[in-house]
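[1] Turn this into a model:
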Amino acid sequence: MVDATENFGPGEEITHLIHSKHPLTWVTSPDLFTCAGCKEYGAGERFACQQCDFQLHHFCAHSAPLLINHPLHPHHQLVFHSKPKQAKGGIMPWPRCDICGKSSKGFTYRCRVCSFQMHPCCALLSTQIDLPIHPHPIKLSNTSGDATTCGECNKSKRPGRMYRCTVCEYHLHAVCAKTLVNGLHANGITAPEKPSMLGAAARLASQVVIEFIGGLIEGLGEGMGEVLVQNIARGRWTRRSTRLR
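    Here you go, the predicted model:
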């Protein structure tokens, strides 16, 4: 695995382009956090703002602008992008990382020649890794979506690539291997559960309604728009009051 802590350490203070109003300080905390750069989970070492709730993985804070001959994609250069590439259509707005299979919602490395992309965290992995949880080196399989049970999460079919031990047939999902580089495993944190699909759908529907009303207000004019919103709110309250009687 790539060493992302070679040139900096605890107490270092930096200014990052996506949070230039406040300096970021290298700190270590066992608490779980969501990186403001790649939108992935992390724990342990990080760069944090002391004035607001902004935190970056240490490797995201120092992401190289260009990766050449990376072992996971050696044929083409990979360019760092601070914003994700959204799909043009369909119900899945975020493209998936070609290594872990999870959605790419923030910082990504993308290939300009082909469609390959991966998270900065996945860029710390390699074709062969040594693990503290397994006595033998494990190698990245050439196929994805293997039905073999993962030795870490005890699940079989998951998106993304899989590592395999050629000595004892131990298998590990790439998404599970990420917990060894993002600090979760070192701090005893298991991967948080995914949010409820119903809750996500409800939030999406609410956002669509809000954006529709906002566009309608803009089209009608401020005066008529305010009346429309007031009538909608009054109607919702009236129905709620009727049910409570």
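
[2] Sheet-wise, list the partners of the longest strand along the chain with their directions.
    Determined from DSSP state E, the single longest strand within the chain is strand 19-34. Strand pairing for strand 19-34, using DSSP bridges, gives strand 13-16 (antiparallel), strand 41-49 (antiparallel).

[3] Now do the buried residues in the shortest one.
    In other words, strand 13-16. residue 16 (16 or more other C-beta atoms under 10 Å). Where you see a C-beta, it was placed from the backbone N, CA and C, and this is true even at glycine.

[4] If I average pLDDT within each of the strands paired with strand 19-34, which one is lowest?
    Lowest mean pLDDT within those: strand 13-16, a mean of 88.

[5] which other residues reach it?
    8, 23, 24, 25, 26, 47, 56, 61 (C-beta atoms under 8 Å, 6 or more residues apart in numbering).

[6] again, 10 Å this time
    8, 21-26, 36-37, 47, 49-50, 54, 56, 60-62, 82 (C-beta atoms under 10 Å, 6 or more residues apart in numbering).

[7] Now distance to residue 110 too, for the strands paired with strand 19-34, in JSON lines please.
    What follows is those, written out as JSON lines (distance: least, C-beta to C-beta, whole Å):
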{"stretch": "strand 13-16", "distance to residue 110": "20"}
{"stretch": "strand 41-49", "distance to residue 110": "21"}
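
[8] how many other residues sit next to residue 187?
    Residues contacting residue 187 under the criterion other C-beta atoms under 10 Å number 17.

[9] What is the burial count for the residue nearest to residue 26 when sequence neighbours are not counted?
    Closest residue in space to residue 26, ignoring its immediate chain neighbours: residue 12 at 4.5 Å, by C-beta to C-beta, 6 or more residues apart in numbering. Using other C-beta under 10 Å, residue 12 has 15 neighbouring residues.

[10] which of the residues in the longest strand of the chain are buried?
    So for strand 19-34, counting by 16+ other C-beta under 10 Å, buried means 19, 24, 26, 27, 33.

[11] Great, nothing more from me.
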